[in-house]
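Trainee: The following comprises the amino acid sequence and a computationally predicted model.
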Amino acid sequence: MSVWTLYEVFVRSKHGLNHKHVGSVHAADAAMAIENARELYTRRSEGVSLWVVPSALITASSPDDKDPLFAPADDKVYRHASFYELPDEVGHM
Amino acid sequence: MHKHDLIPYLLLLGDSALVQGQRLCEWCGRAPALEEELALMNVGLDLVGQARNWLEYAAELLADGRDADALAFRRDERAYRNLLLVEQPNGDFAVTMTKQFLYDAWHLAMLQGLVGSADERIAGIAGKALKEVTYHLRRSSEWVQRLGGGTEESRQRMLAAIPALWRFTVELTAGSDNEAQLAQAGIAADPASVGAAWRQQVCEVFSAVDLPLPKAASHFYLDGRKGLHTEHLGLLLAEMQCLPRAYPDATW
């Protein structure tokens, strides 16, 4: 068990367009990871497609880099398309 | 062909699924990993659900006032018609998975033969079970190969598990006269075809990881189809049945 690999699990739901991260499973190999993910995350019709990725292969941003990476976006409101007035005929976008 | 002739066949299917499901549920709280435990319980519960369908049909044909629960929980071992293979103790994980695989390969071949049954009720139950069992076989095949081709220890355990269980496979490759007649009437799966499909499946999975395929098992004095079981079934039933027998009308 201690030598099993941790896999991250992504599920695409019936009407979803993209796979979403739902959690992780331990498994001895990728085939077993798919099956374990099926047992844990799709037994109640949650999905129609599964991806598993060894967790170690994911490169994540560091929490320490939060400010340099993300904070500058906060004061650039003009990047959001919230200043345009929509004609009524367009309806909801 | 009288409907009554179907009963032993329905009990073979239902009792085998029930006993195999009960054995799997013995792993509850003891599996090697949380993920594996969930998988084992899911397969076990699939099988208990299938057993319910077969036993409900059997109870209707028996028409003696017993329902599926009465058949499951108030029948003694001599009245059980399950395969000897599935009543064998779980042993280590190699034994559990070999047992599961040998059973799944038979189960799938049976259900593939039954989806086209002339009896619509049987065809319906089989059709529903077929999807579940296709997955069961995929899972157990992978485990057999993972263990057989894994570490030195896992391979040794597979090499011990296969001969320990092999003599019980004689029941997977031959049916009773009753089954052959039902098959001729288009109701049951043809036992010869099931046996051939089973052997081919086992051969494929074993040979992929170079596990030796023993020669065909031969008949011995026990026969699950006649209610002649190994000593293990009685203990399994004692545990499974003690509550409904001690408190016959208990509800929760």
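Mentor: It's in. Numbers count the residues shown, from 1 in each chain, chains lettered A, B, ... in the order given.

Trainee: Between its first and last residues, how far does stretch A:58-66 reach?
Mentor: 18 Å (CA to CA, to the nearest Å).

Trainee: Give me the contacts around the helix or strand where A:Y7 lies.
Mentor: For A:Y7, the host element (DSSP states H and E) is strand A:5-12. The contact list for strand A:5-12, computed with CB atoms under 8 Å, 6 or more residues apart in numbering or on different chains, reads A:18-30, A:33, A:37, A:40-42, A:46-56, A:58. Placement of C-beta: from N, CA and C, glycine included.

Trainee: So which residues on chain A come close to chain B?
Mentor: A:1, A:4, A:25-29, A:31-32, A:35-36, A:39-40, A:43 (CB under 8 Å from any CB of the partner chain).

Trainee: Make JSON lines out of the residues you listed and add pLDDT.
Mentor: Shown next, in JSON lines, are those (pLDDT from 0 to 100):
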{"residue": "A:M1", "pLDDT": "54"}
{"residue": "A:W4", "pLDDT": "91"}
{"residue": "A:V25", "pLDDT": "95"}
{"residue": "A:H26", "pLDDT": "94"}
{"residue": "A:A27", "pLDDT": "94"}
{"residue": "A:A28", "pLDDT": "90"}
{"residue": "A:D29", "pLDDT": "91"}
{"residue": "A:A31", "pLDDT": "92"}
{"residue": "A:M32", "pLDDT": "93"}
{"residue": "A:E35", "pLDDT": "93"}
{"residue": "A:N36", "pLDDT": "93"}
{"residue": "A:E39", "pLDDT": "90"}
{"residue": "A:L40", "pLDDT": "91"}
{"residue": "A:R43", "pLDDT": "83"}
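
Trainee: Can you list the residue ranges for strands in chain A?
Mentor: A:5-12, A:20-27, A:49-54 (DSSP state E).

Trainee: what would these look like in a markdown table with mean neighbour count?
Mentor: Formatted as a markdown table, the strands of chain A follow (neighbours: other CB atoms under 10 Å in any protein chain shown):
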| stretch | mean neighbour count |
| --- | --- |
| strand A:5-12 | 19 |
| strand A:20-27 | 18 |
| strand A:49-54 | 16 |
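
Trainee: Let me have the ones you listed in a markdown table, extended by distance to B:L47.
Mentor: What follows is the strands of chain A, written out as a markdown table (distance: least, CB to CB, whole Å):
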| stretch | distance to B:L47 |
| --- | --- |
| strand A:5-12 | 26 |
| strand A:20-27 | 23 |
| strand A:49-54 | 23 |
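
Trainee: quick one: contacts for residue 51?
Mentor: Using chain A here. Contacts of A:W51 by CB under 8 Å, 6+ apart are A:9-11, A:19.

Trainee: think we crossed wires, I meant chain B
Mentor: B:A51 touches B:14-15, B:17-18, B:21, B:72, counting by CB under 8 Å, 6+ apart.

Trainee: and the gap between it and B:F73?
Mentor: 12 Å (CB to CB, to the nearest Å).

Trainee: what's around the spatially closest residue to A:A73 that is not a sequence neighbour, how many residues?
Mentor: The shortest distance from A:A73 to any non-neighbouring residue, by CB to CB, 6 or more residues apart in numbering or on different chains, is to A:R79 (7.0 Å). Applying other CB atoms under 10 Å in any protein chain shown, we find 7 other residues in the vicinity of A:R79.

Trainee: Give me the pLDDT value at A:R79.
Mentor: A:R79 carries a pLDDT value of 78.

Trainee: So, low pLDDT: which residues of chain A?
Mentor: Applying pLDDT under 70 to chain A picks out residues A:1-2, A:93.

Trainee: Go again with 90.
Mentor: A:1-3, A:13-17, A:43-47, A:63-93 (pLDDT under 90).

Trainee: try the stretch 1-150 of chain B
Mentor: In the stretch 1-150 of chain B (pLDDT under 90), the answer is B:1-5, B:31-34.

Trainee: Show me which residues of it sit near chain A.
Mentor: Within the stretch 1-150 of chain B, the positions adjacent to chain A are B:32-36, B:38-39, B:42, B:138-139, B:142, B:146 by CB under 8 Å from any CB.

Trainee: what's the spacing between the residue lying closest to B:F168 once chain neighbours are set aside and chain A?
Mentor: Sequence neighbours aside, B:L85 is the residue nearest to B:F168 in space, at 4.0 Å (criterion: CB to CB, 6+ apart). B:L85 sits 23 Å away from chain A, going by CB to the nearest CB, to the nearest Å.

Trainee: and B:L85, what is it in contact with?
Mentor: So B:L85 contacts B:99, B:102-103, B:165, B:168-169, B:171-172 (CB under 8 Å, 6+ apart).

Trainee: Looking at the contacts of A:W51, which one is closest to B:H232?
Mentor: The nearest member of the contacts of A:W51 to B:H232, counting by CB to CB, is A:V9 at 37.7 Å.

Trainee: Report the buried residues of the helix or strand hosting B:E204.
Mentor: Assigned by DSSP H and E, B:E204 falls within helix B:191-208. Across helix B:191-208, burial judged by 16 or more other CB atoms under 10 Å in any protein chain shown covers B:191, B:194-195, B:197-199, B:201-202, B:205-206.

Trainee: With respect to chain A, which of those is nearest?
Mentor: B:V205 (13.6 Å; CB to the nearest CB).

Trainee: what sits against the residue nearest to that closest one when sequence neighbours are not counted?
Mentor: Leaving aside its sequence neighbours, B:V205 sits nearest to B:S141 (CB to CB, 6+ apart; 4.8 Å). Listed by CB under 8 Å, 6+ apart, the contact partners of B:S141 are B:101, B:104, B:205.

Trainee: Alright, I will stop here.
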